[in-house]
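Engineer: Using only what follows, build the 3D model:
(chains A and B)
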Amino acid sequence: MYNRKEIMAKLAKLDDIVSLCRRRGFIFQSSEIYGGLASCYDYGPLGAELKRNVRNAWWKHVVQMRDDVVGLDCSILMHPMVWKASGHADKFADLVTVCKKCNTRTRVDHLQDSREGTAEEHTEHVDIETEAARPHDLAGKVCPACGTVGQFTPPMAFKLMFETQMGANVDDTMTLYLRPETAQGIFANFRNVLDSTRVKVPFGIAQIGKSFRNEVTTKAFIFRTREFEQAELEFFCKPGTDEQWYEHWKQQRFDWYLNLGIKKENLRFRDHDPDELAHYAKACVDVEYKFPFGSGDWQELEGIANRTDYDLRQHQRGIRTMNDWYESKGDLTKISLKAESEDYLKGPLAYFDEEARERYVPYVIEPSAGVDRSTLAFLVDAYDEEEVKGEQRNLLRFSPALAPVKAAVFPLVKKDGMPDIAMNIYNDLKKQFTTFYDEKGAVGRRYRRQDEAGTPYCITVDGQTKKDNTVTVRERDSMEQARVNIDQVKTFLREKLDL
RNA sequence: GCGGGCGUAGCUCAGUGGUAGAGCGUCACGUUGCCAACGUGAAUGUCGUGAGUUCAAAUCUCAUCGCCCGCUCCA
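Structural biologist: Presented below is the predicted three-dimensional model:
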């Protein structure tokens, strides 16, 4: 825990970062010219590069470098039955009540009973239709904030999925949902990938894309937003091998953050307690980062779950329910999923393992990362202030792979032919790296500006360049300079940047 | 949604009823030979938005929007 002073210092740090993000074009408030739109943010020129680098680093680690993972890019809108089968349509809602005495909002299923001293067991999302209709006896419940018994408002329901209409003809539209997770698109395409890609279990399908959740409350800059980007892997494996794959991905994903420069002391695992697990999950662990907001506490970047064979089996039930769906004219609330077939092991989403000569529905290990969250973590972790000759230097110590700009090229002064030489170097480098050219003002200022953008290297053409064809290469973190032959600059950068 | 704090230039902020300001940043020109240099000049504001009180509102009142902190959620 932190004392008040430390918390204020942390908050000040986040404010500094938010301010820098805006000032340097990393992240803007959405629709700002119209007063802003809550919970929505836009990535500016530097932020777009940074976020794309985060995505690419994830894809490289999870797909490109692996022999057992393939990629996918699904549409955001999917058949409504997907969400019936996944459980989101019925259960992706919270029932919340407010204590009249202290105005604290609490989920109904989290309330303790004064008579029994226990909360209801499950912490899952409730079935909104049946639950809201059911009379709730809150008379004996205790407010966790002020201890008052039985002073609650009637429960309110929150729908956590965004709805939208497909079809321009108003008389003939269908209600669809913006996906609340990318995972279901992977499960829905499991058969397609199997049939078209010659993959064999164990293998994974990865996807990066936007998801939408009508969060009750948003939080902390881009940390919790209603529109957000996920990077998810569903790794399919044979039942019985799931625990070792779970451990494997735990380690893989943790190391990914460390290798991209997150400080070890700011990253940790947090295992979910058994009673905290969703009913389908056998195990779940969060990768948490010590963000400088909230009460200075750890916040989740990524969840890694053992989802068992739940999702694939649910979708087999969903497929069997299609007739009911047609008959109900698409009203999801009027139908319930058909029971599982007795020979579900022969269903379309089951797998025949030729080596073992047996059928099974694969177990799934799911590492699910928040792209915006990790982008924020990389920003926060890279941010540094230090004093140089009495002046404050702000810099972002990005890993080279994440740095929005890899190198900047300057003429020391704007004369004696230096700009031409520098421009030639720039034109050559930009074919390979995101490069920036600047010839305005004092060179010291240009260095500092690049520090704030997190550019690892600055290349300066100076008076000596014309004599011996060398340039100064200045390193961001140490501010040290080395002379490098112009012909060697590209090789030098490639080695140093490891790109 | 409820409680607390806040909203003035790109950023940080001053301005408590009487002509909208400072520092930093940005741009131009000159100067400048390696770490936010210097000189001169310039641009930039619906004072979050709307209404009300007033001869006069950034300032007082009300509403509204947005942000931050807490409660809930969770990638």
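
Engineer: Buried residues, stretch A:234-249. List them.
Structural biologist: A:234, A:235, A:236, A:237, A:238, A:242, A:245, A:246, A:249 (16 or more other C-beta atoms under 10 Å). Using the backbone N, CA and C atoms, a C-beta is placed for each residue, glycine as well.

Engineer: That one near RNA strand B at all?
Structural biologist: No - with C-beta under 7 Å from any atom of the strand as the criterion, RNA strand B is not reached by stretch A:234-249; the gap is at least 12.9 Å.

Engineer: And stretch A:16-34, by the same measure?
Structural biologist: Yes - residues of stretch A:16-34 contacting RNA strand B under C-beta under 7 Å from any atom of the strand: A:19, A:22, A:23, A:29.

Engineer: Go ahead and confirm residue A:321 touches residue A:340.
Structural biologist: No - counting by C-beta atoms under 8 Å, residue A:321 sits too far from residue A:340 to count as a contact (11.1 Å).

Engineer: neighbour-wise, which of the two wins?
Structural biologist: residue A:321 (19 against 13; other C-beta atoms under 10 Å).

Engineer: Which residues are in contact with the closest residue to that one other than its chain neighbours?
Structural biologist: Nearest residue to residue A:321 in three dimensions, chain neighbours excluded: residue A:338, at 4.7 Å (C-beta to C-beta, 6 or more residues apart in numbering). Neighbour list for residue A:338: A:317, A:320, A:321, A:324 [criterion: C-beta atoms under 8 Å, 6 or more residues apart in numbering].

Engineer: The same query, at a cut-off of 6 Å, please.
Structural biologist: A:317, A:320, A:321 (C-beta atoms under 6 Å, 6 or more residues apart in numbering).

Engineer: Same list (those) but as a markdown table, adding distance to RNA strand B, pLDDT and secondary structure.
Structural biologist: Output for the contacts of residue A:338, formatted as a markdown table (distance: C-beta to the nearest atom of the strand, whole Å; pLDDT from 0 to 100; DSSP: H, G, I helix; E, B strand; the rest coil):
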| residue | distance to RNA strand B | pLDDT | secondary structure |
| --- | --- | --- | --- |
| A:317 | 21 | 96 | helix |
| A:320 | 27 | 95 | helix |
| A:321 | 25 | 94 | coil |
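
Engineer: And chain A, what are its domain boundaries?
Structural biologist: Under the assignment automatic domain parsing, the domains of chain A span A:45-83+A:163-377, A:93-159, A:405-497.

Engineer: and those domains, which one's lowest on average pLDDT?
Structural biologist: In terms of average pLDDT, domain A:93-159 trails the rest of the domains of chain A, at a mean of 59.

Engineer: and residue A:402, backbone torsions?
Structural biologist: phi -100, psi -20 (degrees, to the nearest 10).

Engineer: Could you give the number of residues near it?
Structural biologist: 24.

Engineer: Not counting residues beside it along the chain, what's closest to it?
Structural biologist: Closest to residue A:402 by C-beta to C-beta, 6+ apart is residue A:53, at 4.7 Å.

Engineer: Then residue A:265?
Structural biologist: Residue A:265's closest residue in space is residue A:290 (C-beta to C-beta, 6+ apart), at 7.7 Å.

Engineer: ok, that neighbour - how many residues close by?
Structural biologist: For residue A:290, using other C-beta under 10 Å, the count is 18.

Engineer: Over to residue A:468?
Structural biologist: 9.

Engineer: Quick check: the gap between residue A:254 and residue A:343.
Structural biologist: 40 Å (C-beta to C-beta, to the nearest Å).

Engineer: Specify which residue of those two has the higher count of neighbours.
Structural biologist: residue A:254 (19 against 9).

Engineer: in stretch A:368-385, what's buried?
Structural biologist: A:368-383.

Engineer: do the same with stretch A:321-331
Structural biologist: So stretch A:321-331, judged by 16+ other C-beta under 10 Å, has buried residues A:321, A:325.

Engineer: next one: it to chain centre, how far?
Structural biologist: Put simply, stretch A:321-331 sits 34 Å off its chain's centre (C-alpha atoms, centre = their mean, to the nearest Å).

Engineer: So which residues lie in contact with it, not counting its own?
Structural biologist: So stretch A:321-331 is contacted by A:81, A:334, A:335, A:337, A:338 (C-beta under 6 Å, 6+ apart).

Engineer: give me the beta-bridge partners of the spatially most central residue of chain A?
Structural biologist: Against the mean C-alpha coordinate of chain A, by C-alpha atoms, centre = their mean, the closest residue is residue A:370 at 1.0 Å. According to DSSP bridges, the partner residues bridging residue A:370 are residue A:230.

Engineer: Which residues of the stretch 351-499 of chain A lie near RNA strand B?
Structural biologist: Close to RNA strand B, as judged by C-beta under 7 Å from any atom of the strand, the stretch 351-499 of chain A has residues A:368-370, A:372-373, A:388-389, A:391-394, A:412-416, A:418, A:440-445, A:447-449, A:451-452, A:460, A:462-464, A:472, A:474, A:479-481.

Engineer: For PyMOL, write the select line for the buried members of these.
Structural biologist: Buried members of those, defined by 16+ other C-beta under 10 Å, are picked up in PyMOL with:
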select buried, chain A and resi 368+369+370+372+373+412+418+443+447+448+449+451+452+460+462+472+474
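
Engineer: Return the subset of the residues of the stretch 351-499 of chain A next to RNA strand B lying in strands.
Structural biologist: Taking DSSP state E as the definition of strands, those contribute A:368, A:369, A:370, A:388, A:391, A:392, A:393, A:394, A:460, A:472, A:474, A:481.

Engineer: of those residues, closest to RNA strand B?
Structural biologist: residue A:370 (2.8 Å; C-beta to the nearest atom of the strand).

Engineer: which among the contacts of stretch A:321-331 end up buried?
Structural biologist: A:81, A:335, A:337.

Engineer: now stretch A:300-318, how far from the centre of its chain.
Structural biologist: For stretch A:300-318 - counting by C-alpha atoms, centre = their mean - the centre lies 18 Å from the chain centre.

Engineer: what do you get for stretch A:261-275?
Structural biologist: That offset, for stretch A:261-275, works out to 15 Å (C-alpha atoms, centre = their mean).

Engineer: now do stretch A:335-348
Structural biologist: 33 Å.

Engineer: before we move on, what about stretch A:381-389?
Structural biologist: The answer for stretch A:381-389 is 27 Å, by C-alpha atoms, centre = their mean.

Engineer: got a list of contacts for that stretch?
Structural biologist: Against stretch A:381-389 from outside (C-beta under 6 Å, 6+ apart): A:17, A:262, A:263, A:392, A:393, A:394, A:395, A:396, A:397, A:398.

Engineer: same thing with stretch A:390-397?
Structural biologist: Under C-beta under 6 Å, 6+ apart, the answer for stretch A:390-397 is A:382, A:383, A:384, A:385, A:386, A:451, A:452, A:454, A:477.
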